[in-house]
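1. Need a 3D model of the following:
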Amino acid sequence: MKTLNWGIIGAGRIAHQFASDMAVVSNCNFYAVAARDKKRAVEFAEQYDAKVAYGDYESLYNDDKIDVVYIATPHNFHFEQAKAAMLAGKSVLCEKPITVSVEESHLLFEIAEQQQVYLIEGMWTYFLPAIIQAKKWLKAGRIGTLLQVKADFGYPLVYAPDSREYSTDLAGGCVFDMGIYPIALAHLFTEQSPESIYVSSHLAPNGVEDEANFIFNYSEMTAVLGTSFRSKLQNSAYIIGDKGYITIPDFWRASECHLYELDDHKDSFADCRSTIGFSYEIEAIANDILVGKLVSDIVTPEMSRLFQQHIAWVKTYI
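-> Numbering: from 1, shown residues only. The predicted model follows:
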């Protein structure tokens, strides 16, 4: 079986989770990691059995043995890092949000097309079996006509203006960091852009938003969404139709979903996985690249550009 060699940019929490899950994917090999701190990169490589550790990103981009680069750095670095990797001929999986502006997202996908390399935003939620099952129930008419999507994602984070989450220099704020999840989920199920939006927000002392609630109004549907650094939210999603509804606990990392008709529980699904859940995304992307595809059918360039547009609309009213 042909395998792909992966390089990881960044050695933070999400990179650890990603590397851990890659170990169970048969067509992928974690080959190299790069971090600004060489010691940190070496420790990361040793923990996950990578062959190479770099103390700079350029060396990883230029390593001929690497097929795919996974970017797990703060949001505002994504554009330049993804660009550099693609110009070096690498396919790229870039964590969400793929960029911090609509213009940057357009440019990245233009570069990918010019270079004829694969580029995808890391919306791992879309690849989770429970999310896919919920979409199947909706398509099969199990809850009737879709009327509402409700989803929120929030965890309390102590205010620290120099932290990645709050820093004005690192595209801080809960909308980019956590709000991308409910925004993307709303698009997955509505398959539309809102016709109007309403936003209510709270700002941290340095001016970045630490809480935001927003309503997306569509022609026949509504999405009620929220995100917060101030409190632990339910972090669940509800997909509501005129005949029933679907609940998805911890939707952003969903492992289960449940179907109801009015008050009656009708069906449930659980994936019983042993991984965090990144393995589904990793395997699907590897399969795409190995057969020569340049874009994903699950997280398309058009979707990523829409995520950026919807975030921009929300940020306009904060």
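2. avg pLDDT for stretch 236-243?
-> Stretch 236-243 shows a mean pLDDT of 98.
3. which residues sit in contact with Tyr54?
-> Tyr54 sits next to Ala32, Val33, Ala34, Ala35, Lys38, Ala41, Leu60, Asp63 when contact means Cβ atoms under 8 Å, 6 or more residues apart in numbering. (Glycine included, C-beta is placed from N, CA and C.)
4. With respect to Arg142, which of these is nearest?
-> Using Cβ to Cβ, Val33 comes nearest to Arg142 of the contacts of Tyr54, at 43.5 Å.
5. tell me which element that closest one falls in.
-> Element membership for Val33, per DSSP states H and E: strand 28-34.
6. can you give me how far that strand is from the chain middle?
-> Remark: strand 28-34 is offset 20 Å from the chain centroid, using Cα atoms, centre = their mean, to the nearest Å.
7. which other helices and strands contact the next helix or strand after that strand?
-> Per DSSP H and E, strand 28-34 leads on to helix 38-48 as the next helix or strand towards the C-terminus. Applying 3 or more Cβ pairs under 8 Å, 6 or more residues apart in numbering; DSSP states H and E, one finds that helix 38-48 contacts helix 13-22, strand 28-34, strand 52-54.
8. how about these, which one is nearest Gly173?
-> When the helices and strands packed on helix 38-48 are ranked by proximity to Gly173 (Cβ to Cβ), helix 13-22 comes first, at 17.5 Å.
9. packing partners for that closest one?
-> Checking 3+ Cβ pairs under 8 Å, 6+ apart, helix 13-22 ends up next to strand 4-9, strand 28-34, helix 38-48, helix 278-290.
10. Next, the buried residues of it.
-> For helix 13-22, a neighbour-count test (16 or more other Cβ atoms under 10 Å) marks Ile14, Ala15, His16, Gln17, Phe18, Ala19, Ser20, Asp21, Met22 as buried.
11. which residues does the second one contact?
-> Translated: Ala15. Ile8, Val33, Phe44, Tyr70, Ala72.
12. Pull the most distant pair out of these.
-> Farthest-apart pair in the contacts of Ala15 is Phe44 and Tyr70; separation 12.5 Å (Cβ to Cβ).
13. coming back round to it: now the helices and strands packed on helix 13-22 in CSV, with mean neighbour count?
-> Listed next are the helices and strands packed on helix 13-22 as CSV, based on neighbours: other Cβ atoms under 10 Å:
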stretch, mean neighbour count
strand 4-9, 25
strand 28-34, 24
helix 38-48, 16
helix 278-290, 21
